[in-house]
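Chemist: okay, predicted coordinates and the sequence, questions at the end:
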Amino acid sequence: MAYDIFLKIDGIDGESMDDKHKNEIEVLSWRWNIHQESTMHAGSGLGSGKVSVTNLDFDHYIDR
C-alpha cells in the first residue's frame, strides 16, 4: 500500500515540493516503540499490563 506522509512543525521549513505540502517535511519511514508488561501469572484480558508508547522516530531527506 502506497502512502505519502508529511510533517509540519511551526518554525521549521521542510524540503517537500509537493503542491499540497510545500515546505513541509516529507517522512520516508517511521517507527515507534511499544512495550507491554506481562508475566506467566497475568492473563491476556482487558486489565493485564498497560501498553507504554515511547519514542516516535522518523526518517527524512535533509535538515534545513
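Modeler: On my side now, so go ahead. Numbering: from 1, shown residues only.
Chemist: in this protein, where is pLDDT below threshold?
Modeler: 1, 39-48, 64 (pLDDT under 70).
Chemist: how about a cut-off of 90?
Modeler: 1-3, 17, 35-51, 61-64 (pLDDT under 90).
Chemist: so which residues of it form strands?
Modeler: Using DSSP state E, the strands assigned to the chain run over residues 5-7, 25-36, 51-60.
Chemist: is it possible to export those to a markdown table including mean neighbour count and distance to residue 18?
Modeler: For glycine as for every other residue, the C-beta is placed from the backbone atoms N, C-alpha and C. Listed next are those as a markdown table, based on neighbours: other Cβ atoms under 10 Å; distance: least, Cβ to Cβ, whole Å:
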| stretch | mean neighbour count | distance to residue 18 |
| --- | --- | --- |
| strand 5-7 | 15 | 7 |
| strand 25-36 | 12 | 7 |
| strand 51-60 | 10 | 13 |
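Chemist: of all these, which one is nearest residue 16?
Modeler: Residue 16 lies closest, by Cβ to Cβ, to one member of those: strand 25-36, at 4.5 Å.
Chemist: can you spell out which helices and strands pack onto that closest one?
Modeler: strand 5-7, strand 51-60 (3 or more Cβ pairs under 8 Å, 6 or more residues apart in numbering; DSSP states H and E).
Chemist: can you give me the neighbour number for residue 38?
Modeler: Around residue 38 there are 11 other residues, counting by other Cβ atoms under 10 Å.
Chemist: neighbours of the nearest residue to it once chain neighbours are set aside, how many?
Modeler: The shortest distance from residue 38 to any non-neighbouring residue, by Cβ to Cβ, 6 or more residues apart in numbering, is to residue 49 (5.2 Å). Neighbour count of residue 49, defined by other Cβ under 10 Å: 13.
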